[in-house]
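when you get a sec, could you give me coordinates for this:
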Amino acid sequence: MDRNRMMIGLAVSVFAAFLLSIFVYHEFKLASAPAPVVVMQQIVVASGPLQLGTRLGAMNLKVIPWPSSAPLANMFTRPEDCENRALITSVAENEPILESKLAPVAAGAGLAATIPEGMRALSVAVNEVVAVAGFVTPGAMVDVIATGATSGSGNITRTVLENVRVLAANQRIESGSGKPVSVTVITLLVTPPDAARLAMASSSGKIQLALRNTIDSQTMEIPPVLQASLFGADSPPAPEKHVSAPPKQAAPPPPPSYVVDVISGGKRESKTFSSPDQSTGESNGQPTQSH
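Numbers count the residues shown, from 1 in each chain. Okay, here's the model as predicted:
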């Protein structure tokens, strides 16, 4: 009996050792297998942080390995293919240079190269308050609010432009690092009609910039605000009611007179008397005829 138990235990041990040896052999086989080969290619990237409007050259470009199985749309594999072209957006170090980030070949460099066809760049003078405490930096989206005087209704404030991109701040075109920057000039990217509206608003009144989220492109029909309605001006006084005077009554007709014949001796006289006076109760009489 004990011998049978020992044989069964031995068989179980041998079987467990066999399974363990198979597992160890499989793991060693996987560890010794060669890694899959990744085919690489070159891609052009920025050799350092580059500002919007920078003309690219050999000194600010380099190539790095990039997996061929994960190509980027409109990427460059040779630095000479994107040299002498300007950036229309800022790029970070080692960021790939793509066709969508470059101005056309003949566009030149600087701020002018960043202006799309059919658009205009217009600069307006601002202060720290107008520039939203310095947080209006290149690439930000703003609304332009203008305040001016009207004829007879006081001041009026209206939103003249919505969702306008900031190209430059304080005559600079580099992006900020997230910290507020004091500015005196803001350059906005606008259409030709909007450029005329902005010029009129900045020269005829006061403008204010309202910073908005860059992903919020919704425009709204914002009604203008009148100074009288904002501060609750009293309504004009109601016109006075004129009480018409009572009509003048016609003068009463004169009181009737009467004639009395007076006979004195052999004479006869006719005397005319008026009616008695209402206020004095007297009557006046005078002779009108003598016989």
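
what residues go with each domain of the protein?
The chain breaks down into these domains under automatic domain parsing: 1-32, 40-113, 117-230, 258-290.

list the contacts of residue 116.
Residue 116 makes contact with residue 189, according to C-beta atoms under 8 Å, 6 or more residues apart in numbering. The way it works is simple: take the backbone N, C-alpha and C, and place the C-beta from them, glycine included.

secondary structure element holding it?
Residue 116 is located outside every helix and strand, with elements delineated by DSSP states H and E.

low-confidence ranges, the stretch 151-291 of the chain, go.
The stretch 151-291 of the chain contains residues with pLDDT under 70 at 152-153, 171-183, 232-248, 254-260, 262, 265-266, 273-291.

about what we covered before: need the domains of the chain in JSON lines with distance to residue 249 and mean neighbour count, can you?
Conversion of the domains of the chain to JSON lines gives the following (distance: least, C-beta to C-beta, whole Å; neighbours: other C-beta atoms under 10 Å):
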{"stretch": "domain 1-32", "distance to residue 249": "129", "mean neighbour count": "9"}
{"stretch": "domain 40-113", "distance to residue 249": "90", "mean neighbour count": "16"}
{"stretch": "domain 117-230", "distance to residue 249": "47", "mean neighbour count": "15"}
{"stretch": "domain 258-290", "distance to residue 249": "16", "mean neighbour count": "10"}
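
show me the one of these that comes nearest residue 250.
domain 258-290 (17.4 Å; C-beta to C-beta).

what residues does stretch 56-64 touch?
Contacts with stretch 56-64, where a contact means C-beta under 8 Å, 6+ apart, come from 42-48, 50, 54, 77-79, 82-87, 94, 97, 102.

look at residue 142 and give its secondary structure.
Following DSSP: H, G, I helix; E, B strand; the rest coil, residue 142 is assigned to strand.

sorry, slip of the keys, the one I care about is residue 30.
For residue 30, the assignment made with three-state DSSP gives helix.

could I get the pLDDT score of it?
Among the per-residue scores, residue 30 holds a pLDDT of 72.

list the contacts of residue 99.
Going by C-beta under 8 Å, 6+ apart, the list of residues near residue 99 reads 74, 76.

please report how far it lies from residue 91.
Between residue 99 and residue 91 the distance is 13 Å, computed by C-beta to C-beta, to the nearest Å.

quick one on the thing from earlier: can you add distance to residue 251 and give the domains of the chain back as a markdown table?
Formatted as a markdown table, the domains of the chain follow (distance: least, C-beta to C-beta, whole Å):
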| stretch | distance to residue 251 |
| --- | --- |
| domain 1-32 | 136 |
| domain 40-113 | 94 |
| domain 117-230 | 52 |
| domain 258-290 | 14 |
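
start to end distance for stretch 86-96?
Between the opening and closing residues of stretch 86-96 we find a distance of 14 Å, counting by C-alpha to C-alpha, to the nearest Å.
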